[in-house]
Structures are given as structure tokens and as C-alpha cells.
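Asker: Sequence plus the predicted model coming up.
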Amino acid sequence: MTPATPLLEVRGLTKRFGAQPALEDVSLAIAPGEVHAVAGENGAGKSTLMAILTGALTADEGALLWEGRPVSLPDVRAAQALGISMVHQEPQLVPSLGVAENICLGRLPHRLGAARLVDRTALRAAAQAALDTLRVGVPLSAAVREIGVAQRQLVAIARALHFGARLIILDEPTSSLSLDEVEALFATLRRLRGSGTALVYISHRLEELRAIADRVTVLRDGRVVATAPMTEMTQGALIAAMSGRELAADLQAGPPPPGTEPVLRVGGLSQSSRVHGVSLEVREGEVVGLAGLMGSGRSRTLRAIFGADRRDAGTVEVRTAGGWHPVRDVAGAIALGMGLVPEDRRALGLVLTASVLDNIGLRTPRGARRWGFLRARAIREVALAAMARLRIKARGVEAPVRTL
């Protein structure tokens, strides 16, 4: 491999699911010792591209070159053997096994002999070495189900390091990390970059891309629309490339328009030992940010507002045309026009085995019930309208949510 040869080169990748194109003529190159960001809105094709690069999917057209040589990745093991590993946004771990076993799973050290028994001492040493690289302290003997979400993410990253990958793909790796943990992760990534490891970094947090990435490739509607050094890509240009439109002036931060009235009113909300006396108002057309470190009570506050968790004190009210109404439980919140998108969408927000149609129709739309029976056509029309409005990319309304 010459100094100018990319570690991994993608040429003209195309992937279709039925008649729906997920990727079209995608090309990019990743150099050794480079942090290469891949940006794009939901449905842009990032997940499909990463699935092909890790052997989980096969492209319909195009080629992959590793150190200048054409390669085939029929499965995930082939990609790992080549030197490609991926850290998923939702850690792919076994909850009942310990931290050490999860880090080494798939490459367990064993003793000599026909029985090939696991070498527990070597296993713990290898797992500890991976965690030491991250400079984090996670108890090796703890079952994964007993540790927090942030620690699970770190265990997954340590597992990729244990496999000794030369190219590591990180999909939203900081989504469950605190600021200190993010900084520790970035320090580790910079050390890996300095040692020649190539990194593909996927995140919706644009400030993270600017902090860690050397170059960025932007996908939109399954196509590459831009590739440039990160220092040459302004924030506005990056957003425009991702969305295909300039950031609307009415989405800029600022006070709500004059004369707008509150539609949500929260007073003195307290819940358990995490939420204490939270009061806020949300006005028509206003976006209110709720900031705080992990564990500060953001998610608990939202769940208490929505009625999903018990409140110890406080009031939640929603204004409708008929005046102010209290929110006492989830059913009441939904009836008053509220919705909650939970932090863990897969576990709490979706039925993964059900279709897009069934998930959208879980809350029966107005006009979709007659004489006690559901009107399938009406629910389908609502689902199609929602897919178009929210630009949900799927093979169709019957596609299982887990395939998105």
C-alpha cells in the first residue's frame, strides 16, 4: 500500500430494497489515521452503507477496495477478519454475561488442549487492557444488565478495541455519555488516530463532528452530495448539504413571537429524588430545550409531564379550545394532543416486529373507527401521510420497523 492508497475505498455502491433505492452510486475513501465523519438526516442511507461495510448487507452494485485490493465481505466475520469493526448506537451485548465476557465475546482466549477451555485469567487481562485504553473503570465481573447505559456503550467500544480493528465505525457513540465521558472518548479516538487507526464517525451532533473529524462525507437520499475537509465545511453549508435547503430563519433561536399563548403549563413538578420543583411553560410554535448532564433528571421530567411516571407533587396542564385541562396519566395526555418520543426508542417507543403502518396506528387515528371496528383504509391513509410529512424512508407502510 502506497502512502496515497486509502485503507478502504468505496466505489459506486448501490443498494435497493425492492423498488426503493437506499444507496445510489456511493463512493468515498477513508485513509489510515483519519477520522472520517458520515453525516446525513435520518433515512439518508448511513445505516445501509455501514451495514455493507461491516458485511451485514451485500451491495447490488459497486466495489470495495482494502489497501487497493478488491475485497468481498459476505458476512460480519469476514469484515472483522479484514480489520473492520462497528460500535452500534445501541450496544450489541449479552445482558446476562459479565463485562469481561462481553468484551472478549467472539474472540475468547482459551487454554491449550482438546477441550479448549476458556482461559479466565487471560480473558480478564484482555478485557482490562481494552478498558484501560479507554481510561474508564467498569467492574469486569459485573453482569452487563447491572451496569448503566453509558457503561454499556463503553463496554461495546472496548470490545471493538479488543478485536484490534484497523477501521472502527462508531454509530452515535456519545448518545448516552456524559460530557466527561465524551471528552475521554475523544481523547481515546485521537490516540487511535495517531496510531494509524481509521475511524468512521456517525453523529447527529454537528458540534462533535467539528471537534473530532478530519473530513466529512454527507449523504442525502442515498447519494453522496459532499465530501470535504471538516475545516472547510461551515455549519450552514453542512446543514444545507444534509437537508437540501437552507436553515429557515424561523428555526433560529430566539424568543417566541409576541402575543403567543402558553399551551403547556408545568408547576412545582417533583418526582422521587431526581426531580425537584420543576416549573415551565411552552408557548404556541415554541421549541423549549431541556438541558442537563446524564442523570440530571431530563428524561424523568419528561416522563412525569407526560404521565408515564408517578408524580409526588406538582401540576401539568394543557390548554385547548375549551380551556386548561390537567394531565393525570398517559391516556389523558394523548387525548389532549400530547406525544412523547422516549430516549430509548427501540425499547419504549416502537414495536420492532410490527410494520410502519401498525406502529403509526397504535394510537387509533380519529375517524379510523366505525361501529367499534377499525377502518384499515383510514389508518393506511394516515400512515402514508405521516411518512410523507416526516420523510420516513421505508420500502412501504408494510415494512417492519426493525428494517428502517
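Answerer: Nice, I can see it. It should be emphasised that the depicted structure is a prediction, and the values quoted were computed from it without experimental measurement.
Asker: so what's residue 18 up against?
Answerer: Contacts for residue 18 (Cβ atoms under 8 Å, 6 or more residues apart in numbering) come out as 395, 396. In short, each C-beta sits where N, CA and C put it, glycine included.
Asker: Over to the one 10 residues further on?
Answerer: Contacts were defined as Cβ under 8 Å, 6+ apart; by that measure residue 28 touches 9, 10, 36, 217, 224, 227.
Asker: any idea which element it lies in?
Answerer: Taking DSSP states H and E as the definition, residue 28 sits inside strand 20-30.
Asker: For whichever helix or strand comes after that strand, which helices and strands make contact with it?
Answerer: Later in the chain than strand 20-30, the nearest helix or strand by DSSP H and E is strand 35-39. Secondary-structure packing of strand 35-39 (3 or more Cβ pairs under 8 Å, 6 or more residues apart in numbering; DSSP states H and E): helix 46-53, strand 198-202, helix 206-212, strand 215-220, helix 235-243.
Asker: try it again with 6 Å
Answerer: strand 198-202, strand 215-220 (3 or more Cβ pairs under 6 Å, 6 or more residues apart in numbering; DSSP states H and E).
Asker: Contacts for the longest one, please.
Answerer: Contacts made with strand 215-220 from outside it, assessed by Cβ atoms under 6 Å, 6 or more residues apart in numbering, are listed as 28, 36-40, 44-46, 224-227, 229-230, 233, 241-242, 244.
Asker: before we move on, back to that, give me the average confidence score over the strand holding residue 28.
Answerer: In this model, strand 20-30 carries a mean pLDDT of 92.
Asker: buried ones in that strand?
Answerer: Applying a neighbour-count criterion of 16 or more other Cβ atoms under 10 Å, one finds 21, 22, 23, 24, 26, 28, 29, 30 buried in strand 20-30.
Asker: got the contact list for the third one?
Answerer: Read that as residue 23. 13, 14, 15, 45, 48, 222.
Asker: Count the residues that sit near the closest residue to the last one other than its chain neighbours.
Answerer: I take that to be residue 222. Nearest residue to residue 222 in three dimensions, chain neighbours excluded: residue 45, at 4.1 Å (Cβ to Cβ, 6 or more residues apart in numbering). Neighbour count for residue 45, taken as other Cβ atoms under 10 Å: 24.
Asker: ok, residue 45 touching residue 21?
Answerer: No - using Cβ atoms under 6 Å, residue 45 makes no contact with residue 21, being 8.8 Å away.
Asker: ok, back up a step: and which of the contacts of residue 23 is nearest residue 203?
Answerer: Nearest to residue 203, judged by Cβ to Cβ, of the contacts of residue 23 is residue 45 at 15.7 Å.
Asker: Phi, psi for residue 400 please.
Answerer: The phi/psi pair for residue 400 (degrees, to the nearest 10) reads phi -60, psi 140.
Asker: what number of residues lie near it?
Answerer: The number of residues packed near residue 400 is 16, by other Cβ under 10 Å.
Asker: Looking at strand pairing, list the partners for it.
Answerer: residue 355 (DSSP bridges).
Asker: of all the contacts of residue 28, which comes closest to residue 255?
Answerer: Among the contacts of residue 28, residue 217 lies closest to residue 255 (Cβ to Cβ), at 36.8 Å.
Asker: can you tell me how far that closest one sits from residue 37?
Answerer: Going from residue 217 to residue 37 by Cβ to Cβ, to the nearest Å gives 7 Å.
Asker: same question, residue 241
Answerer: 12 Å.
Asker: Residue 94 too?
Answerer: Applying Cβ to Cβ to residue 94 and residue 37 gives a distance of 30 Å.
Asker: between those two, who's got more neighbours?
Answerer: residue 37 (23 against 12).
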